[in-house]
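[1] generate a structure from the sequence data that follows.
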Amino acid sequence: MKVVVADIDSVGSDMDYSLYDDLGEVTYYPDKITDDNAAERLKDAEVLMINKSAISDVILDAAPNLKLICEFATGFDNANIEACNRHGVKVANVVNYSTASVAQHTFALLFYLMENSRHYDEFVKSGGYANQSHFCCLDIPFEELDGKTYGIVGMGNIGRKVAQIATAFGANVIFYSASGNSTCTEYERVEFDELLSRCDVISIHCPLTERTRELFNKDAFEKMKETAILINVARGAVVNEKDLADALKEGKIKAAGLDVLNPEPMAKNSPLLDIKDSGKLFVTPHMAWGSTEARKRCLSEVKKNVLAFMNGESRNIVN
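    From the prediction side, this is the model:
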């Protein structure tokens, strides 16, 4: 079997990709498959592994032997399912490999904002603490998560993990079903407007669909508490960035922590770049999914998807 492994740079150069060598004739590329390089790279390929390559009809036309596309991810919107269906190409994703990593990063974002961590770190490193007479500094007050209402948008694997952690910290968890089809009964399910009005913290863990695109917009921010913190580790387009920037500037909400943006990399003219106060806005570069352990799990799961396909089994096939 001829296998092409692309997008390696986006998964990490610290990973060991040799686990794929026994699948057949394997070729590795650090960058994306594009319309321009597809004919050269995919002429005889039967399996293609990708992360961010955007699959088009042009790419599929250049790969007449292609049978399977494996995503190094749970999301597969870049695979162009309709085009793959037209060409008879199956698409497989990876499920639940990054749950622990994303949940952990959710709270890293939250507590950085809740406890004004940058401010206090810089105060100490500037020499301010060493030069004061008092034993502590509390010039920016902070609150506990215990007793707060924690709202979750999207109660899938990651949402449930976040709910467990929030509960362990003493928060009261409620959630909004982004799909409308949640079967979760462990936590109180509410409609979106009620989630907005009740929550002290809201974290987003839903897929990007037409139902969730720009779900958090000017109207939503108007309904949130002025003391609320928003965390987005799902997809950037679930939040309207201009409306969020305005809400932060105008004090409609207290703060936001983002690991995902629209587009990615971040737009050079993003309105979020106007906000320099790290107590209001904390942004990380789409890294929540990428702990060392999560990426190793991802690579292993992709191989299992290929082996299952070779054996005539349907494993994580999404079309």
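[2] and the average pLDDT for stretch 122-129 is what?
    Averaging pLDDT along stretch 122-129 yields 97.
[3] okay, buried residues for it please.
    Within stretch 122-129, the residues scored as buried using 16 or more other C-beta atoms under 10 Å are F123. All C-beta spots, glycine's among them, are computed from the backbone N, C-alpha and C.
[4] now swap in stretch 229-246 and tell me
    Neighbour-count burial for stretch 229-246 [16+ other C-beta under 10 Å]: 229-241, 243-245.
[5] gap between it and the chain center?
    Taking C-alpha atoms, centre = their mean, to the nearest Å, one finds stretch 229-246 lying 12 Å from the centre of the chain it belongs to.
[6] heads up, I number from 40, so please use that
    Yes, from this point I'll number from 40; that puts the last item at stretch 268-285.
[7] skip the chain neighbours and tell me the closest residue to L152.
    Closest residue to L152 apart from its sequence neighbours, by C-beta to C-beta, 6 or more residues apart in numbering: A294 at 4.5 Å.
[8] quick one: the one you found from K41, how far?
    According to C-beta to C-beta, to the nearest Å, A294 and K41 sit 50 Å apart.
[9] out of those two, which sits in the busier spot?
    Neighbour count, other C-beta atoms under 10 Å: between A294 and K41, A294 has more, with 24 against 17.
[10] does A295 count as helix, strand or coil?
    strand (DSSP: H, G, I helix; E, B strand; the rest coil).
[11] is it true that it touches I270?
    Yes: with contact defined as C-beta atoms under 8 Å, A295 and I270 form a contacting pair (7.4 Å).
[12] count residues in the vicinity of L338, would you?
    21.
[13] which ones are touching it?
    By C-beta atoms under 8 Å, 6 or more residues apart in numbering, the contact set of L338 is 50, 54-56, 58, 111.
[14] tell me which element it falls in.
    helix 331-349 (DSSP states H and E).
[15] quick one: average pLDDT of that helix?
    Per-residue scores along helix 331-349 average to 98.
[16] can you list the buried residues in it?
    Buried, per 16+ other C-beta under 10 Å, within helix 331-349: 333-334, 336-338, 340-342, 344-345, 347-348.
[17] cool, and stretch 139-154?
    139-149, 151-153.
[18] alpha carbons only: can I get it in PDB?
    Provided in PDB are the C-alpha atoms of stretch 139-154 (Å, rounded to 0.1, in the frame of the first residue of the first chain):
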ATOM      1  CA  ALA A 139      -7.500  15.400  28.700                       C
ATOM      2  CA  SER A 140      -5.200  17.900  27.000                       C
ATOM      3  CA  VAL A 141      -8.000  20.300  26.000                       C
ATOM      4  CA  ALA A 142      -9.800  20.100  29.300                       C
ATOM      5  CA  GLN A 143      -6.500  20.900  31.100                       C
ATOM      6  CA  HIS A 144      -5.900  23.900  28.900                       C
ATOM      7  CA  THR A 145      -9.400  25.100  29.400                       C
ATOM      8  CA  PHE A 146      -8.600  25.600  33.100                       C
ATOM      9  CA  ALA A 147      -5.100  27.000  32.400                       C
ATOM     10  CA  LEU A 148      -6.800  29.800  30.400                       C
ATOM     11  CA  LEU A 149      -9.500  30.300  33.100                       C
ATOM     12  CA  PHE A 150      -7.200  30.500  36.100                       C
ATOM     13  CA  TYR A 151      -4.700  32.700  34.400                       C
ATOM     14  CA  LEU A 152      -7.600  35.200  34.000                       C
ATOM     15  CA  MET A 153      -9.400  34.600  37.300                       C
ATOM     16  CA  GLU A 154      -6.300  35.100  39.400                       C
END
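[19] what about that stretch, average pLDDT?
    98.
[20] ok, residues contacting it?
    Outside stretch 139-154, the residues touching it (C-beta under 8 Å, 6+ apart) are 156-157, 181-182, 184, 197, 200-201, 204, 240, 242, 244, 268, 270, 272, 293-298, 317-318, 321, 323, 326-330, 332-333.
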